[in-house]
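Novice: Pasted the sequence and its predicted model underneath.
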Amino acid sequence: MASQVFVPQHILEPKSAKQAKLTEEQVELIQTSAGFPPNAVIRFPAANERMDWFCPGWINFLYYPFKIGMKFPFSHLTRGFLEFVHLSPSQIMPQVWRILRALEVLSERHSIPFDFEDLGFTYDLRTSGPGRFTLAMKDKRPRLIHKVDKANDRGWMHWYFFVLRDSLGNEGSFLEDDLRKEKKTISLPSGPKSKERTAQIQAIPVQERWFASLVAESPVSLEESGQDSDGSKEVEEENIDAYIPMQVVFPVGEASLPAPNKCPPVSTAAMSSSSSRLTPSAHELLALASKKKRASPRLASTPQKLPKLSVAIETKPNLPRPHEVKTVPALKPLDVKMSLSPDFCSLQDVSLMRGEIHKLMLPSSPDVFKGLPPAGLLSASSAYAFQSLQAGLVAAEKVALLEKALDESKHNESLSRSLAEDNAKLVQDLQKEVTAQSAQISRLVDRIKALEAYGRKKKQEVIDAACYYVWQTRGDLMASFLAGESANWNAEEDIATWKKVQEDMDSPVAEDGFDVGQSDGEADSKHA
């Protein structure tokens, strides 16, 4: 059996270590909406306990992931993430849960086998204050989920609870029960197919990858679960036994604790059986607390019933004389204009709208009311009130149309802003690509110029070598002739050859007469 002593770890900052605001009814709703097994032992924190308190074998859960649609046991993606980082679920910031949940929805909707290793291709895990962790984009990685930071997660620090790990079975054996205080970035690994799967996610239209359009929050709302209406009272009392299989442990008051930070004992029979129910005393305590919770807001908010007004018409025995009887004139249909102006929905000034609605609901009294006796005035007022009610219905319809038009305008504005951001990013990427191509072209031009200079140099070397070889041969032949060893030397032929060489050296040589694409060996053999 797990220990029952919770001790503070002092990992979180005091301003972020909030007191839990979950009630016993909300804990029951967590059990039914989060998918925990029926025999899960869920513990509601005491008033002096905080999120960074530790007890071996007890897992600290946040309600936020279940609020946005996650279920226990976690998906393969979320489980792989938690197994790798070795962090308590309460240390993961809402931004991480939103990204994981959105990727789960996209993977299931488009049949993409996106896994934990694919998450590491785009994100790394970084600290966000002591004991808190969030996902950060890697350099030059495109965004997978858009508008993930624009979500309402107010109050998430108050929504936590403890669950006994042994009561979760094999699906919860990997969960960490203590909190870690890292001060560095945790690099997430990537797999061989991560780039391909990430590209499949990015191929989905941007509007579909908005967090708000992907994830709908759970119907169980923590703000509304503590408020009961008259219509739901009977349903809750009839279905109160449906929540009994969950073993909820309520800490006793601090004055009755045998030792500081000690949890109330959990019965051995309740933990050993998966189908066990609460003990009678705990059941009575839960029912009594539920009734008090339902009764307290009604007593404070239900207005007192006003007494019915009875109107008695006193009849006098003395009837008036015939000449004093006044006849009630027949009522004419009231011609009261109660329509809005044609440009009401296009009005931008709130004061103008208020004036139109005021004229609609409270028009000026018609002159037909003047001089009417009480009975006629009552009848005319009733007809006038009925027409005012009809005008109110018309106003409600017009206001609904106006709200719809405003919502569409906001949506179009948001869509335009998102498209503008995407276009700006594309322009930046194109400019970077043009700059890179320009640099490469400049390097190629420099290379061509260097090769041309090298070709001219080699050409001159070949010409010099050929000249040297020719005159060396002629000199050797002349020396042999003078020594009497050869009779083949002809002075006139050498003089003619020398003049021809001078003419060739004096004539201009074309710069493009040398092929810079030839190798050194090809150039030497050609000129030789």
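Specialist: Right, received. Where do you want to start?
Novice: I'd say Leu477 and Asn490 touch.
Specialist: No - using CB atoms under 8 Å, Leu477 is not in contact with Asn490, being 9.2 Å away. No exception for glycine: its C-beta is placed from N, CA and C like everyone else's.
Novice: neighbour count winner among these two?
Specialist: For the pair Leu477 and Asn490, the greater number of neighbours falls to Leu477 (16 against 13), based on other CB atoms under 10 Å.
Novice: For the more buried one, which three-state class applies?
Specialist: Here Leu477 is recorded as helix under DSSP: H, G, I helix; E, B strand; the rest coil.
Novice: Which residue is the nearest non-sequential neighbour of it?
Specialist: Distances taken as CB to CB, 6 or more residues apart in numbering put Trp489 closest to Leu477, at 5.0 Å, once the chain neighbours are dropped.
Novice: The one you found in helix, strand or coil?
Specialist: Following three-state DSSP, Trp489 is assigned to coil.
Novice: Please report phi then psi for it.
Specialist: For Trp489, the backbone dihedrals are phi -80, psi 140 (criterion: degrees, to the nearest 10).
Novice: mind listing what it touches?
Specialist: Listed by CB atoms under 8 Å, 6 or more residues apart in numbering, the contact partners of Trp489 are 477-478, 480-481.
Novice: Quickly find the element holding the nearest residue to Phe116 once chain neighbours are set aside.
Specialist: Distances taken as CB to CB, 6+ apart place Gly80 nearest to Phe116, at 3.1 Å, with adjacent residues excluded. For Gly80, the element it lies in under DSSP states H and E is helix 76-85.
Novice: who touches whichever helix or strand comes after that helix?
Specialist: Per DSSP H and E, the first helix or strand lying C-terminal to helix 76-85 is helix 94-110. For helix 94-110, contacts defined as CB under 8 Å, 6+ apart pick out 62, 64-65, 68-70, 75, 77-78, 81, 112-114, 119, 123, 133-135, 144-145, 148-149, 151, 153, 156, 200-201, 204, 208-209, 211, 214-215.
Novice: can you redo the contacts of Trp489 as a markdown table with distance to Glu403?
Specialist: Below are the contacts of Trp489 laid out as a markdown table (distance: CB to CB, whole Å):
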| residue | distance to Glu403 |
| --- | --- |
| Leu477 | 112 |
| Met478 | 113 |
| Ser480 | 116 |
| Phe481 | 118 |
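Novice: for this protein, what are the low-confidence residue spans?
Specialist: Applying pLDDT under 70 to the chain flags the ranges 1-3, 23-26, 182-183, 216-371, 502, 504-528.
Novice: that older thread, now the contacts of helix 94-110: which count as buried?
Specialist: Taking 16 or more other CB atoms under 10 Å as the criterion, what is buried in the contacts of helix 94-110 is 62, 64-65, 68-70, 75, 77-78, 81, 112, 114, 119, 123, 133-135, 144-145, 148, 151, 153, 156, 200-201, 209, 211, 214-215.
Novice: picking that back up, go ahead and build a PyMOL selection from the buried members of the contacts of Trp489.
Specialist: To isolate the buried subset of these in PyMOL, counting by 16+ other CB under 10 Å, use the following:
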select buried, resi 477
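Novice: still on that earlier bit, counting by contacts, list what the helix holding Gly80 packs against.
Specialist: helix 94-110, helix 116-119 (3 or more CB pairs under 8 Å, 6 or more residues apart in numbering; DSSP states H and E).
Novice: just those helices: most buried one?
Specialist: Most buried of the helices and strands packed on helix 76-85, by mean neighbour count (mean count of other CB atoms under 10 Å): helix 116-119, with a mean of 24.
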